[in-house]
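> Fold the following, please.
(one chain, ligands or ions: 2)
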Amino acid sequence: MESRWKGIRPKYLLVGILITFFITCLISTLPFSTEECKCPGDSEGLQKDSNNVPKPLRKSQHRLAVLVPFRDRFEELLTFAPYMKRFLDKQNIDYRIFILHQVDRFRFNRASLVNVGFLHVKNEFDYIAMHDVDLLPLNDNLSYGYPDTPFHVSAPDLHPRYHYSTFIGGILLIKRDHFIQVNGMSNKYWGWGLEDDEFYVRLKEANLVVRRPQNISTGTQNTFRHIHDKNHRKRDTTKCFNQREVTRKRDRETGLDNVSYKILEVINITISDSQLTILNIELSCDKTLTPWCECIKTNEIKDKKIVGENKKTAL
Ligand code: UDP
Ligand code: MN
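Ligands and ions are numbered 1, 2, ... in the order given. Sure thing, here's the model as predicted:
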């Protein structure tokens, strides 16, 4: 035994060690691993739909940002978030929901919030849905797929409340390039209404045809659920200064390129199993251009004067 070990020369030992070392190095550079692959998309490929049919391996190559203008509608949000997750997952849409939370003290400005949301997502998402928080699509045939031309999901013949032919509010899908092409939405609409009608004119002037869902078997009463109690969620229809006349006209001055705002916080939250991003948005108001971003009621003005006068007498 001893004589056999003695026969092995140290130089062969060295060669053996070197060969082992090189083989180890070679293996570690090969493009495979013994660890289980946790590549994104794999688990989605294994998911099955309600009929136990496997979903396609890959989601859509397009990414949808669902932009939800929001203030004081928490109850609606609690229903909206998990519902929309189920609805969009069924269609295999690659999406994220953004809650555009207006935190300043001006009147609600749905259109400016959409502009801000768009600027925030435009590098990562190639189409958006402007989406009311209180409108839930009930019919699975309402497609949220990538729209070659603006696609109005909550069409006038399907929406529970608005039935005029140029209506494009509620839920509208539009791709990035088209939203940029029309310079987004007007920033002049503080308070409820008309911002969507003004946007319709922008699309029309740009020759962008608005498409709507076809061959939908449901109607105005059962295509959407509108979670909106008109007494509990009063619409802010006040008009002050020259708001009425200005907001009836097409706005060529404001839009995506001059919306003035700050994003104070970006918060990721989960409601049930639905992941959302909340943007806390502080809008600015140029009172020389849109003094109606604050409408002070006549009584309040009187009160202010009285307080002011009292002050004077006190001095
Ligand atoms: N909204 C909000 N807070 C408000 C007013 C409006 O969050 O104080 C948002 C919300 O997404 C809502 C959408 O703007 O669904 C449209 O407003 P609203 O429901 O009042 O209008 P409708 O379409 O019912 O006339
Ligand atoms: Mn509503």
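
> Point out the residues in the protein that sit beside ligand 1.
With C-beta under 6 Å from any ligand atom as the criterion, the chain meets ligand 1 at residues 68-73, 108, 110, 132-134, 169, 192, 228, 233, 235. For the C-beta atoms, the positions are set from N, CA and C on the backbone; glycine is no exception.

> now the residue in the stretch 1-150 of the chain positioned nearest to ligand 2: how far from residue 272?
Taking C-beta to the ion as the measure, the point where the stretch 1-150 of the chain comes nearest ligand 2 is residue 134, at 4.3 Å. According to C-beta to C-beta, to the nearest Å, residue 134 and residue 272 sit 18 Å apart.

> What is the neighbour count of the residue in the stretch 101-250 of the chain positioned nearest to ligand 1?
Using C-beta to the nearest ligand atom, the closest approach of the stretch 101-250 of the chain to ligand 1 is made by residue 132 at 3.2 Å. Burial of residue 132 is recorded as 22 neighbouring residues (other C-beta atoms under 10 Å).

> Grab the nearest non-local neighbour of it.
The shortest distance from residue 132 to any non-neighbouring residue, by C-beta to C-beta, 6 or more residues apart in numbering, is to residue 170 (5.4 Å).

> Neighbours of that neighbour, how many?
So residue 170, with other C-beta under 10 Å, has 24 neighbours.

> Quick check: it vs ligand 2, distance?
From residue 170 across to ligand 2, the span is 8 Å (C-beta to the ion, to the nearest Å).

> can you count the residues close to the residue of the stretch 201-315 of the chain found nearest ligand 2?
Going by C-beta to the ion, ligand 2 is nearest to residue 228 of the stretch 201-315 of the chain, at 3.7 Å. Counted with other C-beta under 10 Å, residues neighbouring residue 228 total 16.

> Contact partners for it?
residue 134 (C-beta atoms under 8 Å, 6 or more residues apart in numbering).

> do that again at 10 Å, thanks
73, 76, 132-135, 160-161, 235 (C-beta atoms under 10 Å, 6 or more residues apart in numbering).

> Please apply the same query to residue 96.
63-66, 88, 121, 124-125, 268, 275-277.

> Kindly recompute the last result at 7 Å.
Residues in contact with residue 96 (C-beta atoms under 7 Å, 6 or more residues apart in numbering) are 65, 277.

> And it, how far from residue 123?
13 Å.

> and if you look at residue 94?
15 Å.

> And residue 77, by the same measure?
26 Å.

> So for these two, which residue has more residues nearby?
residue 77 (20 against 8).

> Any idea how many residues pack against the nearest residue to the more buried one once chain neighbours are set aside?
Setting aside the residues directly before and after it, residue 77 is nearest to residue 133 in space (C-beta to C-beta, 6+ apart), at 5.7 Å. By the measure other C-beta under 10 Å, the count of residues near residue 133 is 23.

> same thing with residue 154?
25.

> what about it, which SS state?
The assignment at residue 154 comes out as coil when based on DSSP: H, G, I helix; E, B strand; the rest coil.

> Enumerate every residue touching it.
135, 170-171, 224.

> Identify the residues contacting the residue nearest to residue 132.
Taking C-beta under 7 Å, 6+ apart, one finds 132, 135, 154, 159 in contact with residue 170.

> Burial check on residue 271, number of neighbours?
With other C-beta under 10 Å as criterion, residue 271 counts 17.

> Tell me which residues of stretch 242-251 come out buried.
Using 16 or more other C-beta atoms under 10 Å as the test for burial, stretch 242-251 gives 243, 246-247, 251.

> Next up, the contacts around the nearest residue to residue 165 once chain neighbours are set aside.
Excluding the flanking residues, the one nearest residue 165 by C-beta to C-beta, 6+ apart is residue 156, at 6.0 Å. Residue 156 makes contact with 162-165, 167, according to C-beta under 7 Å, 6+ apart.

> again, only using 10 Å
Contact analysis of residue 156 by C-beta under 10 Å, 6+ apart lists 162-170, 212, 220.

> ok, of those residues, which come out buried?
For the contacts of residue 156, buried by 16+ other C-beta under 10 Å: 167-170.
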